[in-house]
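# Sequence isn't available, so here's the structure alone:
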């Protein structure tokens, strides 16, 4: 099963390496990882998308908590949550394909950030499934380049991850 | 008035003094010269100069294992650190509290591929509880305080502090923090009282209770509590290799060590009990074998451990209790006292009848030799036990001799049995005995080893000479890497690939060359007398070479991938 882990971690040199090293050393999967400091710059917030059986996820959570610099770990998929990922895609957009591509961007509520005679650079935000769906919807041959941030997640309503 | 300014090296010395460090095991080098200069000027602790950094870490590790204090070692940058890695990983696998201080190239040279530079924090990250790179002398004292705190609390472990050379020269005011609080590190203590209640209920209702205690009992100094609980419950108790001495081996409720080379009765009781209490143990592969074969329908498992990630890692448990084992056992004892329910005496009687049936197999029996016959390695360990009154500190290396030591030297007290259980590091024996002897100057310390392992840190015989360490080395010399040879005999069709030790040195001459006493014993009838003679040389290191029967194997044995009830016994071959 797919899980989204939210981690509060001390913003110290090497802290990210400890998390990534843990996943590598114990043969856990990282599907995506995003990290940046929080409003309190001494702390970072990390979102890791991973998959595994319940036993494996339980071990991952325990092992993460064991890292000295980790303050808190929450499995967002345990409850209601919001997930967003940003994707930038550069596509070929020339001739008759140009209008069709513009329509697709509108349908997926994306934005065109940059235009040349032959290409569009598109910004798209949504959960990871939506971004996958966009990729599947356009002609594969038109994609010149994609870059994705990996998911960021937050709990819905009163669900808060803070110390 | 402004406070006195101290250099980083001076601050380090002051911090170690604040932590009441008695010994620092180390080896100098370029990056730690400032520190060594301050060591030269001080008299707060004694520095022990080893001959290889690996031994410094092992010695600090054993110092910690055999006392209740934190071992400290000091190595230089680059090769100093890489040599130390085996020692650090060994301590990490066995959860030994230790502080490793390493020199680093100056901060401005980091990342420049400087002479003797390596990414110490990166290299050691997977085998330490935590590590630090100190970039500013102002952070040094607080970092060292944190290092000692982290090493010794929660599930203990080694902590490394990497100090660049310029940081040891730079100056700042010194203040050692009295206390440390970390928002990200708060090891939990006493255990959930509701869970403890559930556990006590299960144990009192059990028809066939079993207690399985590991290294956590020794590390948390909970032997008294464990012994009390086992006696109150009337249940059998087994120890893991790491837990030996945590429960007195001479107690009639002790059924011996369990696991791959554990006793028949301990392993069978693990399988057949209806309530299993695991205390500071982690169900590892050498203990329960294949988790699938270990599973028994209806058996309830209670697991006490300070590390939540040890619980339900290999074996699903019914009642997890996270906490210091000593606190949790104390709480269990008082709840049993308060409870009106008593253990089921009739059920226990019948359970013990079953266990006595297993014990009657006498799984540790071996054929003794005639006085002029070949020496049985097991008999040497038994003779050592007799000659030392069962009260020595025993270190071992890794292999057959380690298992024979664990099987034939019953320990009644904790912190008497020092070996590398988790990582299985050959070469620890001599440095372990050094650390244990320095921590316990009045104790008899013996290192049971083989001619393979002993050569992996043999250079430390020189350290032993320098510091007058009168350990007794019991070298069970069977001219082969015995455990490897045993597996090749059982599972590889007697193809003894590279397990034969050819061109062995004359160990007696070697010991003498280092300034020690060497003895060679070749006949079974000479073992007792030789041991008595060696032990009488109280102030000398005696290197005893026992030429043993090379055909002996370690029994019982659970083949890899099998379960606890699938043991091979000696008589079955």
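Arrived safely, thanks for sending. All figures in this text were calculated on a predicted structure; none of them were measured in a lab.
# Show me which residues of chain A are close to chain B?
Counting by Cβ under 8 Å from any Cβ of the partner chain, the positions of chain A adjacent to chain B are A:9-10, A:13-14, A:17-18, A:21, A:25, A:55, A:58-59, A:62-63, A:65-66, A:68-71, A:163. C-beta coordinates here come from the backbone N, C-alpha and C atoms, glycine included.
# Could I have the buried ones of these as PyMOL selection syntax?
Buried residues among the residues of chain A next to chain B (16 or more other Cβ atoms under 10 Å in any protein chain shown), as a PyMOL selection:
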select buried, chain A and resi 9+10+18+58+59+62+63+66+68+69+70+71
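# Can you tell me the closest non-neighbouring residue to residue B:262?
Setting aside the residues directly before and after it, residue B:262 is nearest to residue B:256 in space (Cβ to Cβ, 6 or more residues apart in numbering or on different chains), at 6.4 Å.
# Give me the phi and psi for the one you found.
Main-chain dihedrals, residue B:256, degrees, to the nearest 10: phi 90, psi 180.
# Distance-wise, check it relative to residue B:534.
For residue B:256, the distance to residue B:534 equals 28 Å [Cβ to Cβ, to the nearest Å].
# Then residue A:92?
Taking Cβ to Cβ, one finds residue A:92 at 85 Å from residue B:534.
# And those two? Which one has more around it.
For residue A:92 versus residue B:534, the count of surrounding residues by other Cβ atoms under 10 Å in any protein chain shown is larger for residue B:534: 22 against 17.
# you'd agree the more buried one is in a strand?
No. According to DSSP: H, G, I helix; E, B strand; the rest coil, residue B:534 belongs to no strand; its state is helix.
# what's near enough to touch it?
Counting by Cβ atoms under 8 Å, 6 or more residues apart in numbering or on different chains, residue B:534 touches B:472, B:517, B:519, B:542, B:544.
# can you give me the offset of stretch B:315-332 from its chain's centre?
From the chain centre to the centre of stretch B:315-332 is a distance of 22 Å (Cα atoms, centre = their mean, to the nearest Å).
# Sorry, wrong one. I was asking about stretch B:106-113.
36 Å.
# What's the mean pLDDT across that stretch?
For stretch B:106-113, the mean pLDDT works out to 97.
# again with stretch A:135-145
Averaged over stretch A:135-145, pLDDT sits at 95.
# chain center to that stretch: distance?
20 Å.
# Kindly check the end-to-end length of that stretch for me.
Taking Cα to Cα, to the nearest Å as the measure, stretch A:135-145 stretches 11 Å from start to finish.
# Using neighbour counts, pick out the buried residues of it.
A:138, A:142.
# roughly how far apart are the closest residue to residue B:547 other than its chain neighbours and residue B:367?
Nearest non-adjacent residue to residue B:547, counting by Cβ to Cβ, 6+ apart: residue B:522, 4.7 Å away. Applying Cβ to Cβ, the value for residue B:522 to residue B:367 is 18 Å.
# Quick check on the two: which one has the bigger neighbour count.
Set residue B:522 next to residue B:367 and count neighbours by other Cβ under 10 Å: residue B:522 wins out with 14 against 11.
# does that one really touch residue B:371, like I thought?
No. Judged on Cβ atoms under 8 Å, residue B:522 makes no contact with residue B:371 at a distance of 11.8 Å.
# I'd like the contacts of residue B:534 as a markdown table, with neighbour count and secondary structure appended.
Shown next, in a markdown table, are those (neighbours: other Cβ atoms under 10 Å in any protein chain shown; DSSP: H, G, I helix; E, B strand; the rest coil):
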| residue | neighbour count | secondary structure |
| --- | --- | --- |
| B:472 | 26 | strand |
| B:517 | 17 | strand |
| B:519 | 21 | strand |
| B:542 | 22 | strand |
| B:544 | 26 | strand |
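# Dump those into CSV; add distance to residue B:92 as well.
Converted to CSV, these look like this (distance: Cβ to Cβ, whole Å):
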residue, distance to residue B:92
B:472, 29
B:517, 35
B:519, 36
B:542, 33
B:544, 32
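# which one of those residues sits closest to residue B:130?
Nearest to residue B:130 among the contacts of residue B:534 is residue B:472, at 36.9 Å by Cβ to Cβ.
# pull the longest strand from chain A.
Longest strand in chain A, counting residues (DSSP state E): strand A:81-92.
# Within the sheet, what are the partner strands of it, with directions?
When pairing is defined by DSSP bridges, strand A:81-92 lines up against strand A:119-126 (antiparallel), strand A:143-148 (antiparallel), strand A:152-155 (antiparallel).
# quick one, phi psi at the one residue in chain B that gets nearest to chain A?
At 3.8 Å from chain A, residue B:309 is the closest residue in chain B, using Cβ to the nearest Cβ. Phi and psi for residue B:309, reported as degrees, to the nearest 10, are phi -70, psi -10.
# That one contacts residue A:60, doesn't it?
No. Using Cβ under 8 Å, residue B:309 is not in contact with residue A:60; the gap is 9.6 Å.
# Next up, the contacts around the closest residue to chain B within chain A.
Closest residue of chain A to chain B, Cβ to the nearest Cβ: residue A:62 (3.8 Å). Neighbour list for residue A:62: B:308-309 [criterion: Cβ under 8 Å, 6+ apart].
# what about it, helix or strand, and which?
helix A:54-66 (DSSP states H and E).
# Show me what stretch B:146-157 is in contact with.
A:68, B:19, B:70, B:91-92, B:95-99, B:128-130, B:132, B:158-161, B:180, B:182, B:185, B:187, B:219, B:305-307, B:310.
# Now that stretch: average pLDDT?
What stretch B:146-157 shows for mean pLDDT is 98.
# Any idea how far that stretch is from the middle of the chain?
That offset, for stretch B:146-157, works out to 17 Å (Cα atoms, centre = their mean).
# can you map out the strands along chain A?
A:2-10, A:32-37, A:43-51, A:70-75, A:81-92, A:111-115, A:119-126, A:143-148, A:152-155.
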